[in-house]
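A.B. asks: Pasted the sequence and its predicted model underneath.
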Amino acid sequence: EDPTVIKKVQIDYDERYLYLSFQKNGVINEDHFFILLNTIKNQGNKKHPSLPYQTKEGMEYLIEIRDQGESRIWVDKAYDFHDFLYREKLKLKQSSTNSSTSTSGNYSKIYLALNRGFTIPETGEVFPFEDYETGRLQEGNGNPESSMYNSLSDYYINHEEGIIELRIPWLLIGFTDPST
């Protein structure tokens with residue numbers, strides 16, 4: 001059996017999360033994986049700078065899993081609402097130079113604004129615009145019996161059994177109510 005082949009894919013969901021599980025033939029030796037999500041038919045990127053190939057369908061999200069940290073979800077630049085609102089419309093962040101067309105191949109990190117920036121009139125104290133990268137993924141195991149237990153975990157890699165599991169909040173991939 002070819003150890004690079006995915007032999008089993010499982011997908012489940014509830015009102016809070018999308019659950020993905022991938023099982024390969026044999027052990028996992030790689031430390032870097034990509035998963036592409038197509039959430040809007042006939043739209044999104046078909047080329048992906050981090051990958052050596054193009055896809056037939058456009059993808060709006062690229063999930064990058066790195067063993068031992070720096071894992072995150074990237075959004076197609078054209079669907080990055082945070083960038084559009086806070087850089088282009090409100091000019092609260094430095095202007096981006098990457099193209100925002102849906103076929104550009106550009107992806108952005110996913111951020112959430114914490115505050116728009118403000119000044120307290122009585123004191124003149126200035127609080128600058130502040131945001132937080134919400135697309136960053138936390139490794140861990142959701143099983144309370146595990147030594148790697150972390151109730152906030154987003155993904156888990158079991159190298160010996162060749163399994164990668166993810167738990168992605170719906171809002172992180174642009175769905176506010178998955179039941180509709």
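C.D. replies: Received, thanks. Everything quoted here is computed from the prediction, not taken from an experiment. Numbers count the residues shown, from 1 in each chain.

A.B. asks: Name the nearest residue to the most centrally placed residue in the chain, ignoring sequence neighbours.
C.D. replies: Among the residues of the chain, the smallest C-alpha distance to the mean C-alpha position (Cα atoms, centre = their mean) belongs to Ile73, namely 1.4 Å. The shortest distance from Ile73 to any residue that is not its chain neighbour, by Cβ to Cβ, 6 or more residues apart in numbering, is 4.2 Å, and that residue is Gly135. (C-beta placed from N, C-alpha, C; glycine too.)

A.B. asks: Quick check: phi and psi at the residue nearest to the centre of the chain.
C.D. replies: The main-chain torsion angles of Ile73 are listed as degrees, to the nearest 10 and equal phi -110, psi 130.

A.B. asks: who touches it in this structure?
C.D. replies: Counting by Cβ atoms under 8 Å, 6 or more residues apart in numbering, Ile73 touches 61-64, 110, 135, 137, 168, 172-173.

A.B. asks: These in helices, which ones?
C.D. replies: Within these, membership in helices is found for no residue, as judged by DSSP state H.

A.B. asks: Would you list the buried entries among the residues you listed?
C.D. replies: Listed as buried from those are 61-64, 110, 135, 137, 168, 172-173; burial here means 16 or more other Cβ atoms under 10 Å.

A.B. asks: Closest one of those residues to Glu122?
C.D. replies: Each of the buried ones among the contacts of Ile73 was scored against Glu122 by Cβ to Cβ, and Ile110 proved nearest at 35.7 Å.
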